[in-house]
Structures are given as C-alpha cells and as structure tokens.
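Enquirer: The following comprises the amino acid sequence and a computationally predicted model.
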Amino acid sequence: MEDRQEAGRVLKQYFGYDHFRPGQGEVIAQLLAGRDVLSVMPTGAGKSLCFQVPALCLPGVTLVVSPLISLMKDQVGALVQAGVPAAYINSSLSERQNAQVLQNARQGRYRLIYVAPERLDTPAFADFAQTAEISLLAVDEAHCISQWGQDFRPSYRGIATFAAALPRRPVIGAFTATATPEVRQDIALQLALQDPFAMVTGFDRQNLFFEVQAPQNKKEALLRFVAEHKQESGIVYCTTRANVEQVCALLCQQGIPATRYHAGLDAEERQQNQEAFSYGQAPVMVATNAFGMGIDKADVRYVVHFNMPKDIESYYQEAGRAGRDGDAAHCLLLYSGSDIMTAKFLIEKKNEEEPDPALASARVEADLKRLNVMARYCQTTGCLRQYILRYFGEDAAPCGCCGNCRQQFTELDVTEDAQKILSCVARTNQRFGAAMICDILHGANTERIQRMGLTSLSTYGLLAAMPRADVMERIRFLEDADALRRTEGEYPVLQLGPGARAVLFEGARLCMKVKEKPKAGTGRTRREKTARAGEEVTNPTLFEEMKALRTQLAKENQVPAYFIFSDRTLRELSAAVPHTMEALLDVPGIGQSKQQKFGQRFLEVIEAWQPPKA
C-alpha cells in the first residue's frame, strides 16, 4: 500500500497526473515489489512511466537500456523538463563527457541513466556498475533482443550477462510496444527473467485511422495527402535511401517544408534534421526505418508509408509514431506490387552476413512469412484494425472506422473465374506460384511457359480478357476464402485448400467485395471524423494564445514545444481557466517543476484573455 501511495505521489509531483493509465499501476507495483516484469503496451499508452516512476521511488539509480541516441535524448530531455535528474551515455558524447556523467552518477546526482546496449561491456561502465546501487534495469524496445522479432540487435544479447555479473542482480523490466506471443517468450528467455509478471494491455490505438491505397501514381497521391494536411506534422517512410532523397526533394519542390533522415547521412546532419523536425521548423520528415524508434514527438498527426514495410510489427511500430498525444491521427500506406520484390531483396541482403547457413535460412523463411502477412494486409478488403489486432493475438470485431470499413464495396459474383483458377492449379499439379498461375490463365507467351508445354493446358488463356491485376486479386480472394493455400518458404506455391471442392464440384457460389472508385475529395476529412470528444477546445482563442506562448517558451528554453506542454494539456488549461498557481496543479500534465517554470507565464495569458460575452 505504501509503495502504491508513493508511486501516486511521484506521478502527480513530476508528471502532473492523478491516475495511472490501464496497466501502469500493476506493472509499477510489481517492480516496486521486486518482481521482474514483461510489459507490452501500445505506443502512446505511457510505457515509459512504468519504469520512470519506480526509478523515483527506489533507492540508487535505474539503468535504462535504449537502442537509439535519438530515443535517449528525447526521453532524458523530457525528464529534465519535468524536474527529474537524468542523463544518458552514448556515442554522441565525447569520452570526456561520458566520464563526467559517470562521475556525477557516482555522486548520486541522477535517478535514471540511459545507456546503449553496446556500452554495458566497456571497461569504464562495467567498473561503475560494480560499485553503483542499481535498483532497476529497464530494457526499453525489448523486442530487439529476439532474433525472431522485426528489429533484432545482437548487442541486446549481452544484457543478461551484464545483469548476472553485477554484485546484486537488480529487478529487470522488459518493455515493448510490438511483440507476438513467440517474441514475448523469447524476450523472457534471452533476458533470463525470473518468474516475470506479464502485462499485455492490448495493441489497439483507437485514435489512429488506418488506410491503404494502391494509387497509379504514388507521388501524386502523396502530394494530395500532404496538401490536405497543411500545418500538421507528419512522417513519410520510404524503404530505400534513394526513395527518401527523391520524395524529400519532391515535397520541397512543391513548397512543403520537409527534411530527411537515413543512415547514409553523417551523424551531424541526421541530428540537425531531427531537431528541425522536433522543433517544428520542418514539419514533414521523410525517412527510412532508421528514424523514429522511441521518438516522443507527441503531435505527429500523420504517418505515410510510401512503400510497404516488410512486416506487420515494423508497420505498426512506425505508424504508431502518429498520435502519441492521444489525438486523432492518420496512418496511410501507399501500396504497389513492386514493394514485395523490394522487401524480399532487403530480407535476403539482411541475412547475408549471418555465418550460420542454417540459421540464415531459418531467418529468411521467418521474414518471408511475415512479409506475406504484411502483403495480405495491403490487399484485404476486411477491417484493417481487426487484421492488425488478430495478428498480435487479440480477438477483435470490425472497427467501423478504418479505410476499408468506410470504403464502399460492390458484390461481384466470381464463381466462374474461381473455378478456372482452381482448375488451373489442379491441372498443373499444384506446383506453381501465383505469378505463374496468373501467366497461364492470362495466356502469357513466355519462354518458360513454352518450354514446359503449358500452352496445351485446357486452362491456358481462359482469363486472357481480364486485366492481370484482376486475376491476382481473385487469387488472393480465394486464399482468404480458404479455397487456395500458399506454401511457406522462399518460393511459395499455390495448393488447393479445403474450400476448393465446394466451388469446383458442389455448386458453391463465391461473391467478392470490390472497392468502388473513390469520389474526388472524399478522403480529406476521414481522420477528422475519428476525432474524439476530448479533442474539442472549449475556448479556442485562449487555446491559440497559449499555443503561441508555448512556442515562445520552447524557443527560450531551446526545447521542442511538446516538452513544455502537450496539446491535450493546453486544451485542459483552456477549459479549466485556472487563476492561481495552486489551481494549475489540478490540470493533467502539469507537475510541480513545470508549474514553477512556466505557470506564471500562462496565468498572465489567462488574465489578459477576454472571455466571449454570453
């Protein structure tokens, strides 16, 4: 009981909240009781507070293992603004600066130290760890430890060895936003967690609007979308560095303030570009997946994937960087068939460096399996949110508010087409992939088809009059209907599924949903329709005046605006209209440190504001 009361006091004093979000209180209580924890919470659910609050309740110091420099800087910067003594150690600091941080830590000046996993086995840090009172070891982005996850980092494998070598093993907390049941088991195993308390609060991000488009011209579709979201902050993800350069140049040519981020840029430029994005100087960031893990920029209103990611985990993590403040945000994926080939190439290239051929082969097979799931997401006519949640093991009904749920469909009887496709698969002895079956049905005159004598098949050219894309769409529909099944592996082939017999021999009819062409202008307000009541502003003029003050304070303190107050906190302020310093503490998101730093300035704005006359 005392631990819970202390945790509540810390939450209010430093972070300005009266209550924990779902799952936070239970995780914090278990850590304070000395039990290891494995916590899976969606982005924006307050995962970081689950180790930041215990760090302020426990004696000594909490080590936070974090994979990216940008993640550390964001979280430490926000903590310092909240009055929490914290620091980080990584390669962005000189050796002298890192040594100074360790010296300060020995003197007890920090409650949290963020550290890269590679730093754990360096002599200087190992020497510090042997004498420091480490009460909690928090492993952020814990899915990076699993070679079966989407973001495997070998350096994470040394965390368990580091913990075991300490004079006293600290409590270990593992935290991630995206992990399948298989990856969760691997996290617990690789970190050697002891009887861990598992908390999976769910993966649903209700404030995110999911949409997939397959436009004829991706660049035109992107320009339309970004133009419809002027003055808003967004991220555009591209698979390759070349695409990043091209898309960033395209946006800049159209007068859209954009910057870029990929591993081919030097560290100084990456840092400058990230700061330009964080501070709002360049509201659009065009980047590869090298950007974003753990970025706390709260007001990202959209994420566009210019190319399809290689798996659902990567997509959901990247898309989840929108709407971290809980406000409505739009997640748009621009899909084309060529994205699959690019993803396959990147998967094979990624695993070339693995010295163990058997392990490399197993990883390629697992990656290709996840790629197939990702491709099906782009092709499904069902609920997009339901598809994602079911992948992560959650039962979910159609949401009614994603791009597919709001899409108008027509029912098309495809029974005869289905019979032709299934017959073709059967007559070729179930030994070809979808592309080859499509070629045969379409009457393609390729060298391979001629060499194998496939032009003599009774099904050759049966769907020649149909666009090839429509043939592939029907093949995917038959897979969804379980009339066809695709084998796993690098070269999957189509086989008849349990539902094939009813279509071929028992007179079963099949109707496929086909998207109607969108009407001009219908996509512009989709995200706005998902906005929740909590986003309404009670006093708009006061709200805008406080936003202007926030911008001014951010410049004065040389921090991003969301470090001062979130939009949600400003909305609460504009509704409550407090007139005293004490009353400011009743506003969610205002703790004692921010009250003392910024409270008087906001009260002055409130006093000068003239309420509208009744």
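Expert: Right, received. Where do you want to start? Remember, predicted model here, so these are calculated numbers, not experimental data.
Enquirer: Low-confidence ranges, the chain, go.
Expert: Flagging of the chain using pLDDT under 70 yields the residue ranges 1, 149-150, 292-296, 490, 517-535, 613-614.
Enquirer: what does the domain assignment say about it?
Expert: 2-200, 208-400, 409-515, 536-608 (automatic domain parsing).
Enquirer: Let's have these in JSON lines, adding mean neighbour count.
Expert: In short, each C-beta sits where N, CA and C put it, glycine included. JSON lines is the format used below for the domains of the chain (neighbours: other C-beta atoms under 10 Å):
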{"stretch": "domain 2-200", "mean neighbour count": "19"}
{"stretch": "domain 208-400", "mean neighbour count": "19"}
{"stretch": "domain 409-515", "mean neighbour count": "16"}
{"stretch": "domain 536-608", "mean neighbour count": "17"}
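Enquirer: okay, how far is it across stretch 479-487, tip to tip?
Expert: 11 Å (C-alpha to C-alpha, to the nearest Å).
Enquirer: got the contact list for that stretch?
Expert: Contacts with stretch 479-487, where a contact means C-beta atoms under 8 Å, 6 or more residues apart in numbering, come from 372, 376, 380, 382, 418, 421-422, 425, 433-434, 475, 478, 492-500, 503, 510.
Enquirer: And stretch 565-577, by the same measure?
Expert: So stretch 565-577 is in contact with 16, 298-299, 325-327, 534-540, 542-543, 546-547, 550, 583, 586-590, 594, 598, 602, 606, 611, going by C-beta under 8 Å, 6+ apart.
Enquirer: at 6 Å instead, please
Expert: Stretch 565-577 has contacts (C-beta atoms under 6 Å, 6 or more residues apart in numbering) with 298, 325, 537-539, 542-543, 546, 550, 587-589, 606.
Enquirer: for stretch 16-33, same thing?
Expert: 3-4, 7, 11, 37, 39, 46, 49-50, 53-54, 57, 171, 173, 197, 199, 201, 588-591.
Enquirer: Assign a three-state SS to Phe345, would you?
Expert: helix (DSSP: H, G, I helix; E, B strand; the rest coil).
Enquirer: rewinding a little: in TSV: the contacts of stretch 565-577, plus distance to Ala319 and secondary structure.
Expert: Putting the contacts of stretch 565-577 into TSV (distance: C-beta to C-beta, whole Å; DSSP: H, G, I helix; E, B strand; the rest coil) gives the following:
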residue	distance to Ala319	secondary structure
Ala298	16	coil
Asp325	15	coil
Val537	26	coil
Thr538	30	coil
Asn539	32	coil
Leu542	33	helix
Phe543	28	helix
Met546	29	helix
Arg550	26	helix
Val587	30	coil
Pro588	26	coil
Gly589	24	coil
Ile606	37	helix
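Enquirer: Going by secondary structure, the closest residue in space to Cys50 that isn't next to it in sequence is in what exactly?
Expert: The shortest distance from Cys50 to any non-neighbouring residue, by C-beta to C-beta, 6 or more residues apart in numbering, is to Val27 (4.5 Å). According to DSSP states H and E, Val27 maps onto helix 24-32.
Enquirer: And for Arg184?
Expert: helix 181-190.
Enquirer: mind saving the C-alpha coords of that helix as CSV?
Expert: Output in CSV follows, covering the C-alpha atoms of helix 181-190 (Å, rounded to 0.1, in the frame of the first residue of the first chain):
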residue,chain,number,x,y,z
PRO,A,181,3.5,-14.4,-28.3
GLU,A,182,6.5,-16.1,-29.8
VAL,A,183,8.7,-13.0,-29.5
ARG,A,184,7.4,-12.4,-25.9
GLN,A,185,8.6,-15.9,-24.9
ASP,A,186,12.0,-15.2,-26.5
ILE,A,187,12.4,-11.9,-24.6
ALA,A,188,11.8,-13.6,-21.3
LEU,A,189,14.2,-16.4,-22.2
GLN,A,190,17.1,-14.2,-23.5
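Enquirer: Determine how far that helix lies from the middle of the whole chain.
Expert: 19 Å (C-alpha atoms, centre = their mean, to the nearest Å).
Enquirer: packing partners for the very next helix or strand once past that helix?
Expert: Downstream of helix 181-190, the next assigned helix or strand under DSSP H and E is strand 197-200. With contacts taken as 3 or more C-beta pairs under 6 Å, 6 or more residues apart in numbering; DSSP states H and E, strand 197-200 sits against helix 24-32, strand 37-40.
Enquirer: Can you name every helix or strand that the helix ranked longest in the chain contacts?
Expert: Taking DSSP state H as the criterion, the chain has its longest helix at helix 357-379. Packing partners of helix 357-379 (3+ C-beta pairs under 6 Å, 6+ apart): helix 338-350.
Enquirer: Contacts for the helix it packs on next, please.
Expert: With C-beta under 6 Å, 6+ apart, helix 338-350 has contacts from Thr239, Asn307, Met308, Lys310, Asp367, Leu371, Ala375.
Enquirer: gap between the fifth one and Tyr315?
Expert: What it means is Asp367. With distances taken as C-beta to C-beta, to the nearest Å, Asp367 is found 14 Å from Tyr315.
Enquirer: on that earlier part again, can you list the contacts of stretch 565-577 in TSV and add distance to Gln81?
Expert: What follows is the contacts of stretch 565-577, written out as TSV (distance: C-beta to C-beta, whole Å):
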residue	distance to Gln81
Ala298	13
Asp325	16
Val537	24
Thr538	26
Asn539	25
Leu542	23
Phe543	21
Met546	17
Arg550	12
Val587	16
Pro588	16
Gly589	12
Ile606	21
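Enquirer: residues contacting the residue nearest the centre of the chain?
Expert: Residue closest to the average C-alpha location in the chain (C-alpha atoms, centre = their mean): Gln317, at 1.5 Å. When contacts are counted by C-beta under 6 Å, 6+ apart, Gln317 touches Thr178.
Enquirer: Give me the secondary structure label for it.
Expert: helix.
Enquirer: how far away is the residue lying farthest from the centre of the chain from Asn429?
Expert: Distance from the C-alpha centroid of the chain, by C-alpha atoms, centre = their mean, peaks at Ser456 (49.4 Å). Distance of Ser456 to Asn429, given as C-beta to C-beta: 14 Å.
Enquirer: Ok, Asn289 next?
Expert: Distance from Asn289 to Asn429, by C-beta to C-beta: 40 Å.
Enquirer: Likewise for Ser146?
Expert: Ser146 sits 38 Å away from Asn429, going by C-beta to C-beta.
Enquirer: Secondary structure element for the closest residue to Ala99 other than its chain neighbours, which one?
Expert: Excluding the flanking residues, the one nearest Ala99 by C-beta to C-beta, 6+ apart is Ala124, at 6.8 Å. Using DSSP H and E, Ala124 maps to helix 123-131.
Enquirer: Mind giving me the packing neighbours of the helix or strand just after that helix?
Expert: Where DSSP H and E defines the elements, the next helix or strand beyond helix 123-131 is strand 134-139. For strand 134-139, the packing partners by 3+ C-beta pairs under 6 Å, 6+ apart come out as strand 61-65, strand 171-176.
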